[in-house]
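Colleague: A structural model of the following input is requested.
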Amino acid sequence: QLQLVESGGGLVQPGGSLRLSCAASGSTLDYYGIGWFRQAPGKEREGVSCISRSGGYTNYADSVKGRFTISRDNAKNTVYLQMNSLNPEDTAVYYCAAVPFISISTCQDRHAYPYWGQGTQVTVSS
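Modeller: Coordinates of the predicted model:
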C-alpha cells in the first residue's frame with residue numbers, strides 16, 4: 001500500500017521560498033503521477049501542480065505559474081514542490097497525492113487521486 005508523507009512546510013515571510021517534499025513508501029513512486037493540492041481555511045481543496053510518472057509532463061494552476069516548480073527524483077522516491085515569491089494567499093495546508101496515470105483532465109482533479117498524504121502547513125505572513 002502506497003503511503004505518502006509531506007514535509008517542508010512552515011512560516012515564511014511574503015516574498016520568501018519553501019521547498020516541500022513528498023516521500024513515498026510501501027511502493028515505488030515510478031508507478032504514479034503525483035499532484036500537489038492545497039486547502040485554505042474555509043475553502044475547497046484546489047489543485048496546485050502535477051507531474052507525470054517520468055517527469056516529462058507537468059502542469060500548474062494559473063495562480064502559481066512562474067513561482068512554483070514541481071520535480072521528482074524517482075531514485076529517492078520523492079517529489080518536490082519549490083515555492084518562490086510566496087504571498088499570503090498561498091497560506092494553506094499542502095497535500096501530495098498519487099494516481100497511476102496523470103492526464104490533462106485529471107491533473108488538478110482531487111477526486112482522481114486515490115492516495116493522499118496527511119498534509120503540511122504553509123503560512124505566509126510578516
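
Colleague: find the residue at the geometric middle of this protein.
Modeller: residue 36 (2.2 Å; Cα atoms, centre = their mean).

Colleague: nearest spatial neighbour of that residue, skipping sequence neighbours?
Modeller: Nearest residue to residue 36 in three dimensions, chain neighbours excluded: residue 48, at 4.4 Å (Cβ to Cβ, 6 or more residues apart in numbering). All C-beta spots, glycine's among them, are computed from the backbone N, C-alpha and C.

Colleague: thinking again about what came up before, what packs against the helix or strand hosting the residue nearest to the centre of the chain?
Modeller: Using DSSP states H and E, residue 36 sits within strand 33-39. Counting contacts by 3 or more Cβ pairs under 8 Å, 6 or more residues apart in numbering; DSSP states H and E, strand 33-39 is packed against strand 18-25, strand 46-51, strand 68-73, strand 78-83, strand 92-99.

Colleague: residue 126 is in contact with residue 13, isn't it?
Modeller: Yes - Residue 126 is within contact range of residue 13, at 5.4 Å (criterion: Cβ atoms under 8 Å).
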